[in-house]
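**Student:** Generate coordinates for the sequence data below:
(one chain, ligands or ions: 1)
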Amino acid sequence: MTAVSTHPQPMEVVTTVAAVRERIRRWHGEGRRIAFVPTMGNLHAGHMSLIQAAARHGDRFVASIFVNPMQFGPNEDFAHYPRTVREDERMLAAAGCNLMFMPDVAEIYPQGLEGSVHIAVPELSTILCGRFRPGHFEGVATVVAKLFNIVEPHMAVFGEKDYQQLTVIRRMVADLCMPVEIIAAPTVRESDGLAMSSRNQYLTADERRIAPAIYQELGRAAARLTAGDSHFAEIEGAAVRALESIGFRPEYVAVRTRTLELPGPDSRELVVLAAARLGRARLIDNVQVSR
Ligand code: PAF
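**Tutor:** Below is the predicted model of the structure:
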């Protein structure tokens, strides 16, 4: 009789596509349900909620750490994006992750960024944040499609904090008939309401004090919508002005349907989204409304 170990397996860390595939093939053969969390590392409590959702839904759990150059614009923070790989590895292992995939850029883009096939998700990629970050969502869709093909997960978890990203990925998965269930995890906030983000580290102490106002303004807009107000442009304008008056440089505040279309007076399921710069940081947040 063979003894079956009840001890959890230690997490493996791999850097190549071939090494991931080898593990995945074995797990698929054993009938395991594979849950996947793609990340750019610098893990915080917001990521840990994605990771907990993955651990709840699957019986093998894979996380990737890859700062994806394709989703950064030429003047964005790719070079300075915080990289904390050892701490990330410790956190993932403690959360029960089975496999951490940490490729380098050449492993993901062997043909280079320009030579790679790109996945474009029309319309959704060019509105809201897409207007201010041309090419960003194409970069996100491309890397997520590649990671899905490498990891072949049954399900993958994305945060509602990046609501437009979540919507772009849902559309890509539906349009390309990818057999991956997309699970949305709620935004995790600091005690003063600021949505957790790696980019909060760019805020000075003074900026950090006013940063929660973005969530407060979204809350004010949501309250008007819930009360039946459908003067969307007026609601958006009031939030933009309020943010400007305290030092933000808002890119947009927008009321949309849950699939990011323009709403009508009878739209019931809405989301209010905002992006605003504060000092060196670009903050995004959103609040969902049912009315
Ligand atoms: O949300 C992120 O961290 C990234 O956009 C993702 C989904 C890992 C793709 O690089």
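
**Student:** Next, the buried residues of the lowest-mean-pLDDT helix or strand in the chain.
**Tutor:** Ranked by mean pLDDT, DSSP states H and E, the helix or strand of the chain with the weakest confidence is helix 45-57, at a mean of 91. Residues of helix 45-57 classed as buried: G46, H47, M48, S49, L50, I51, Q52, A53, A54, A55, H57 (neighbour count, 16 or more other C-beta atoms under 10 Å). Heads up, the C-betas are built off the backbone N, CA and C, glycines and all.

**Student:** Output the set of residues of the stretch 151-291 of the chain in proximity to the ligand.
**Tutor:** Within the stretch 151-291 of the chain, the positions near the ligand by C-beta under 6 Å from any ligand atom are D162, Q165.

**Student:** Apply 8 Å and report the result again.
**Tutor:** Where the stretch 151-291 of the chain comes near the ligand, counting by C-beta under 8 Å from any ligand atom, the residues are F158, G159, D162, Q165, I169.

**Student:** quick one: contacts for I150?
**Tutor:** I150 makes contact with V17, V20, R21, F101, according to C-beta atoms under 8 Å, 6 or more residues apart in numbering.

**Student:** picking up where we left off before, what's the farthest-apart pair in the residues of the stretch 151-291 of the chain next to the ligand?
**Tutor:** When those are compared pair by pair using C-beta to C-beta, the farthest-apart members prove to be G159 and I169, with a separation of 11.1 Å.

**Student:** of the two, who's got more company?
**Tutor:** Neighbours of G159 and I169, each counted by other C-beta atoms under 10 Å, are more numerous for I169; the result is 26 against 23.

**Student:** Okay, and that one sits in which element?
**Tutor:** helix 163-175 (DSSP states H and E).

**Student:** before we move on, what about A275?
**Tutor:** Under the criterion of DSSP H and E, A275 resides in strand 269-278.

**Student:** In that strand, which residues are buried?
**Tutor:** Judged by neighbour count using 16+ other C-beta under 10 Å, the buried positions of strand 269-278 are L270, V271, V272, L273, A274, A275, A276, L278.

**Student:** now it: how far from the chain's centre is it?
**Tutor:** For strand 269-278, the distance from its own C-alpha centre to the chain's C-alpha centre is 15 Å (C-alpha atoms, centre = their mean, to the nearest Å).
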